[in-house]
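Novice: Sequence and predicted structure, then a few things I'm wondering about:
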Amino acid sequence: MYKAAGLFDPISSSIQATEFTIKDAYMLNFFENNSSRLPRWCNGAAAAGDELPFCQIQGKYRMELPGYNTMDPYPHMNERCPSLPPYYPRPKDC
C-alpha cells in the first residue's frame, strides 16, 4: 500500500514489499513527527510524560513500537536482513 501510494518514490522500483515485516513498516519515517499535531484524544488520558508518539485507536493495552518512525527508506531495503520472530532483531548495517 505504501509503495502504491508513492511513499517510496523515487526508489520505488528497488523496494520489494514482501521483504518487510510489521516492524519494518512501522519503523519507516513516514509518520507525523510532531505529536502536538495529533488529535487531542490520542493522548488525552495519558499521564504527563507518558504520551505515545502515535494514536492508538483502540485496545485495552498500550502498544509499544520500538524504533517507531525512525528509518528513512533506501534502495533494496530489507532484502538482506535476517528476521526471526518474536523480536525481529536488525543488525546495524542492515
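Specialist: The structure has been received and is ready for your questions.
Novice: only C-alpha atoms for contact and neighbour calcs from this point on.
Specialist: Fine.
Novice: Tell me who's in contact with N69.
Specialist: Neighbour list for N69: Y26, M27, L28, N29, F30, F31, N33 [criterion: C-alpha atoms under 8 Å, 6 or more residues apart in numbering].
Novice: Torsion angles phi and psi at it?
Specialist: phi 60, psi 40 (degrees, to the nearest 10).
Novice: okay, it: pLDDT?
Specialist: Note on N69: pLDDT of 96.
Novice: Tell me the spacing between it and I15.
Specialist: 18 Å (C-alpha to C-alpha, to the nearest Å).
Novice: ok, now L84?
Specialist: Going from L84 to I15 by C-alpha to C-alpha gives 21 Å.
Novice: Just want to know which of these two has more residues nearby.
Specialist: Neighbour comparison, L84 and I15: the larger count goes to I15, with 19 against 8 (by other C-alpha atoms under 10 Å).
Novice: With the flanking residues excluded, which residue is spatially nearest to that one?
Specialist: H76 (5.4 Å; C-alpha to C-alpha, 6 or more residues apart in numbering).
Novice: how many neighbours does that neighbour have?
Specialist: H76 has 15 nearby residues by other C-alpha under 10 Å.
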